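# Mind folding the following:
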Amino acid sequence: MNLLTIAWKSVRQRSLSSTLTAFSIALGIMLMVSVLVIFGVVESTFSQRSINYDLIVGPKGSPLQLVLSTVYHVSPPIENLPYKFYKDLQKRPEVSVAIPIAFGDVTEQGSFPIVGTTPQFFELDYAPRRPFLVNGDFVRKPFDAVIGQRVARENGWTLGTKFKLVHGGADTGHVHDEEFEVKGILAPTGTPHDKTVYVNLEGFYMIEGHDKPIGEAIERERKFFGLSPLSKEELAAQVKRLGGHDHEGHDHAGHDHQHAIPDVQKEVTAVLVQCKTQIAANLLAGELKKGYQAMGINPIMPMQQLFNDVLGGVRTLLIVLTGLIVIVSGIGIFVSIYNSMSARQKEIAIMRALGARRTTVFGIILLESILLCVGGGLFGLLLGHGLVFAAAPLVEARSGILMDPLAFDPWELVLFPVLLGVGSFVGFLPGMAAYRTDVAQALSGQ
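You can find the predicted model right below:
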């Protein structure tokens with residue numbers, strides 16, 4: 001009979017005490033695994049693995065606000081950019097793809113954010129090697145719309161559903177007369193796309209109030225590009241030449257509002273940019289930083305800084321707390337085994353009298369401690385992943401983040417060597433007590 005078998009039988013003889021001490025270890029490991037996996041999922045959401053753009057170009061302001069509003073739709077936009085700026089950016093030699101984004105409205109039902117964009121938005125992967133999958137079709141006509149999976153589920157919308165937009169907010173905003181029709185429903189992505197409604201940018205501009213009054217638009221564009229203001233006569237001539245309108249007495253209702261809108265009246269909230277190389281993206285961001293017009297932000301940097309500053313400390317705190325739970329559980333194992341030594345003095349003495357060496361007895365006690373630590377750790381690992389598996393649907397429903405129930409964090413590989421060390425450490429003193437047992441005294445009952 002080997003030492004491991006003897007140690008296991010000894011653990012089973014004290015089944016209640018062994019189970020409780022091992023379960024305390026399991027609880028600590030369960031919490032630690034859950035923290036590692038869940039925070040790993042959240043961190044990947046704020047990493048390059050979830051965003052397939054080199055730069056987000058927007059008005060000067062807070063980089064974090066630009067990313068939160070453009071990518072995650074949880075913050076109001078800073079300001080708008082002239083449409084001409086987007087067209088000029090699109091023509092730059094270092095830019096391979098530039099996709100305009102315009103938003104500010106929400107759905108009348110559910111208050112989901114509305115994003116106006118071009119069909120090219122869906123031709124690119126929403127994340128590296130993750131293309132958009134759609135039931136139906138992408139936006140083709142001006143009043144086409146594509147909705148995220150969460151929007152479809154919560155609003156009960158299907159292909160062909162028509163809806164209206166609300167400017168400013170569902171409670172206090174103005175409901176536009178124009179109707180968009182759902183032409184496609186995106187497959188789940190586990191990103192903010194799931195809770196977003198995408199409409200054709202041309203249709204977005206056709207909504208009342210979305211095309212800037214012609215005179216104001218001309219002056220806004222000239223100011224943005226650092227040009228001198230026009231005189232009243234020059235401005236009137238420009239307005240007449242462009243053939244725009246000023247919203248006075250103009251009927252925007254319905255889909256008959258199909259007039260051509262001059263580019264000067266259009267604005268974009270931001271531009272999603274893919275450059276030909278990463279070096280080109282860095283150079284473009286640096287060039288924009290020197291100017292006064294706009295800024296180019298790597299979308300990952302502000303989010304990683306936010307994650308490290310806010311959530312990183314929380315994760316560290318939780319891991320420290322769960323680590324303390326494991327340590328306290330280890331102390332419990334030590335107390336349990338050490339207190340049992342007085343009752344096992346005669347058992348140990350008999351083993352010694354039958355020929356067992358001191359090192360053999362020491363090894364048995366040490367293995368008991370290791371079995372309790374590693375066994376509890378293995379059970380805690382299963383409990384932790386079971387907790388993640390059970391929480392995944394709830395997290396997806398509440399936040400839209402898809403969690404892989406089988407997700408694994410590399411730090412989990414460190415747990416078992418640590419538990420092996422903890423088991424050896426807490427089993428050392430009881431093992432030494434067994435090692436020093438006086439056989440004659442124990443057998444005589446003194």
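# tally of neighbours for the nearest residue to residue 26 once chain neighbours are set aside?
Leaving out its chain neighbours, the residue that sits closest to residue 26 by C-beta to C-beta, 6 or more residues apart in numbering is residue 380, at 3.7 Å. C-beta here means a position set from N, CA and C on the backbone, and glycine is covered the same way. Counted by other C-beta atoms under 10 Å, the residues lying close to residue 380 total 28.
# Tell me which stretches of the stretch 201-350 of the chain form strands.
Counting by DSSP state E, counting those that start in this stretch, the segments of the stretch 201-350 of the chain that form strands are 267-268, 270-275, 294-297.
# What helices and strands are in contact with the second one?
Helices and strands touching strand 270-275, as assessed by 3 or more C-beta pairs under 8 Å, 6 or more residues apart in numbering; DSSP states H and E, comprise strand 55-59, helix 83-90, strand 95-107, helix 278-290.
# Ranking these by mean neighbour count, which comes first?
For the helices and strands packed on strand 270-275, ranked by mean neighbour count under the definition mean count of other C-beta atoms under 10 Å, the leader is strand 55-59 at a mean of 24.
# In the stretch 201-350 of the chain, what residue spans correspond to helices?
With DSSP state H, counting those that start in this stretch, the ranges of helices along the stretch 201-350 of the chain come out as 201-205, 214-224, 232-242, 278-290, 300-306, 312-340, 345-353.
# Could you give me the buried positions within the fifth one?
Of the residues in helix 300-306, those buried under the neighbour-count criterion (16 or more other C-beta atoms under 10 Å) are 300, 302, 303, 304.
# Name the next helix or strand downstream of the helix ranked longest in the chain, please.
Counting residues, the longest helix in the chain under DSSP state H turns out to be helix 358-399. Counting by DSSP states H and E, the element after helix 358-399 in chain order, helix or strand, is helix 412-435.
# Contacts for that next one, please.
For helix 412-435, contacts defined as C-beta atoms under 8 Å, 6 or more residues apart in numbering pick out 25, 29, 32-33, 36, 326-327, 330-331, 333-334, 337-338, 340-341, 344, 348, 358-359, 361-374, 376-377, 381.
# List buried residues within these.
Among the contacts of helix 412-435, those classed as buried by 16+ other C-beta under 10 Å are 25, 29, 32-33, 36, 326, 330, 333-334, 337-338, 340-341, 344, 348, 358, 361-374, 376-377, 381.
# in the chain, which helix or strand is least confident?
Scoring the helices and strands of the chain by mean pLDDT, DSSP states H and E places helix 439-444 at the bottom, with a mean of 63.
# so what are the domain limits for the protein?
Domains of the chain are assigned by automatic domain parsing as 3-46+304-444, 52-298.
# Could you verify my assumption that residue 66 touches residue 295?
Yes. The pair residue 66 / residue 295 is scored as a contact, 7.4 Å apart, by C-beta atoms under 8 Å.
# Not counting sequence-adjacent ones, nearest residue to residue 130?
In space, and not counting its chain neighbours, residue 130 is closest to residue 189: 7.3 Å by C-beta to C-beta, 6+ apart.
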